[in-house]
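Peer 1: Mind looking at a prediction? Sequence and model below.
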Protein chains: 2
Amino acid sequence: MDLAVNEPLTEETADLRDLADSIGFMARLAQVHTYETFFEDLGAYGLRPGEFSTLLLIGRNPGIRQGMVAQILRIKPAHMTKLVRSFEDRQLVERTIPDHDRRSVQLSLTTSGLDFIEEHRSAFAQHEINLRSTLTAPELRTLMQLLRKYVGFDWEEES
Amino acid sequence: MDLAVNEPLTEETADLRDLADSIGFMARLAQVHTYETFFEDLGAYGLRPGEFSTLLLIGRNPGIRQGMVAQILRIKPAHMTKLVRSFEDRQLVERTIPDHDRRSVQLSLTTSGLDFIEEHRSAFAQHEINLRSTLTAPELRTLMQLLRKYVGFDWEEES
DNA sequence: CTGAAATTGTTTACTAGGATAATGTTTTGA
DNA sequence: TCAAAACATTATCCTAGTAAACAATTTCAG
């Protein structure tokens, strides 16, 4: 059982069986890589990935219910409440209680919120370009399609 | 500006531009899907994905330095310390201070740790099968290869 | 119809996971 | 031998998750 004074085991020499072949582990690496790139590209703007996505989604869908935003972005409703409050504090998002269902909350961007998105849209586009930099265009299309299939996204590519 | 009494905007009818085409967002969905499946399949065993990976990696590489485990699994060293302590408390992992560098910590599985892995290896394999269930074998190979390329993994498929 | 029970949408209170920054030790290098 | 670097740990904090509570709406038995 002498495992003592052998090689020091680097990232290259370690035995990565069970991991390198695990789709679950690769999904984690992809997520970590995405986060790191996000903070390099957009970290200076004071929002995290989930917050950025939330603003984009509300911008595209004014009046969308808060719970629907949570469901689409896979954010827990309880956490969504906190995000929305912080957006309100920063004057980026408005909450409206609709008459037809006074339990629910409808969200839309304020003028500042719209400005924020417009100001950072090109930075966000550049971020996506950076994320894709290691892939060719066909590879990217294949990867996106397979990821959709992996997560069980219904919408198949319409031919 | 009447966005009031229109459609209620479901997950199908919402405008998902900026998101559906975002590789970053898809990476998040993949990660969430992986987590959910993990807890369905292996949640009953009391370990989370990162803990499971840690045990597997140590099992394959007895004597590996703690910091190397952190680096490979993309876990912060400070957090690794807590994980290792909890493994020690549960008698799954042993820490050794090697003579040749007494700053570092070498990790290996205890007998219970080895037992734990052996007992759950087939469940872990089944979990991977479940994760892959929406993909064909060639699709899976392509996906893994593209994910490696996406995250900047050096090792290309040797032909 | 009417009112109680169940459901839906959100919020609050609590807890835990994981990140950052600073510290302690040992080793390396000038 | 002293300064800098490397490895791990500690202390602190913040993000995000779970469970319970609250309020409004819908369902359904009578």
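Peer 2: Arrived safely, thanks for sending.
Peer 1: Quick check: closest non-adjacent residue to A:Arg65.
Peer 2: A:Ser104 (5.2 Å; C-beta to C-beta, 6 or more residues apart in numbering or on different chains). The C-beta positions use only the backbone N, C-alpha and C, and glycine is treated the same way.
Peer 1: Next, the contact list for the one you found, please.
Peer 2: Residues near A:Ser104 by C-beta atoms under 8 Å, 6 or more residues apart in numbering or on different chains: A:65-67, A:97-98.
Peer 1: Can you read off the pLDDT for it?
Peer 2: On pLDDT, A:Ser104 comes in at 93.
Peer 1: Tell me where chain A is predicted with low confidence.
Peer 2: Applying pLDDT under 70 to chain A picks out residues A:1-7, A:154-159.
Peer 1: Need the buried ones from the contacts of A:Ser104 selected in ChimeraX.
Peer 2: Filtering the contacts of A:Ser104 down to the buried ones (16 or more other C-beta atoms under 10 Å in any protein chain shown) takes a single ChimeraX command:
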select /A:65,66
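Peer 1: So which of the contacts of A:Ser104 are in helices?
Peer 2: Using DSSP state H, the members of the contacts of A:Ser104 that fall within helices are A:66-67.
Peer 1: could you redo the contacts of A:Ser104 as TSV and give each row distance to B:Gly46?
Peer 2: Putting the contacts of A:Ser104 into TSV (distance: C-beta to C-beta, whole Å) gives the following:
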residue	distance to B:Gly46
A:Arg65	37
A:Gln66	34
A:Gly67	31
A:Ile97	43
A:Pro98	44
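Peer 1: of the contacts of A:Ser104, closest to DNA strand C?
Peer 2: Comparing the contacts of A:Ser104 against DNA strand C with C-beta to the nearest atom of the strand picks out A:Gly67 as the nearest, at 2.2 Å.
Peer 1: give the contact list for the residue nearest to the closest one when sequence neighbours are not counted.
Peer 2: Leaving out its chain neighbours, the residue that sits closest to A:Gly67 by C-beta to C-beta, 6+ apart is A:Pro77, at 5.7 Å. In this structure, A:Pro77 makes contact with A:66-67, A:70, judged by C-beta under 8 Å, 6+ apart.
Peer 1: Quick check: the gap between A:Pro77 and B:Leu16.
Peer 2: Distance, A:Pro77 to B:Leu16, by C-beta to C-beta, to the nearest Å: 19 Å.
Peer 1: picking up where we left off before, just give me the closest of the contacts of A:Ser104 to A:Glu118.
Peer 2: A:Gln66 (23.0 Å; C-beta to C-beta).
Peer 1: got the residue ranges for the strands in chain A?
Peer 2: A:64-65, A:93-96, A:106-109 (DSSP state E).
Peer 1: Adding distance to A:Ser133, write these out as CSV.
Peer 2: Below are these laid out as CSV (distance: least, C-beta to C-beta, whole Å):
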stretch, distance to A:Ser133
strand A:64-65, 32
strand A:93-96, 32
strand A:106-109, 30
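Peer 1: Let me know which of these is the nearest to DNA strand C.
Peer 2: Nearest to DNA strand C, of all the strands of chain A, is strand A:64-65, at 4.2 Å by C-beta to the nearest atom of the strand.
Peer 1: who does the closest one pair up with?
Peer 2: Applying DSSP bridges, strand A:64-65 is found paired with strand A:106-109 (antiparallel).
Peer 1: now for the strands of chain A, which one comes closest to B:Lys82?
Peer 2: For those, proximity to B:Lys82 was assessed by C-beta to C-beta; strand A:93-96 is nearest, at 35.7 Å.
Peer 1: Need the CA coordinates for that closest one. PDB is fine.
Peer 2: What follows is strand A:93-96, C-alpha atoms only, in PDB (Å, rounded to 0.1, in the frame of the first residue of the first chain):
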ATOM      1  CA  VAL A  93     -38.400  46.900 -13.100                       C
ATOM      2  CA  GLU A  94     -42.000  47.700 -12.200                       C
ATOM      3  CA  ARG A  95     -44.500  45.400 -10.500                       C
ATOM      4  CA  THR A  96     -48.200  45.600 -11.400                       C
END
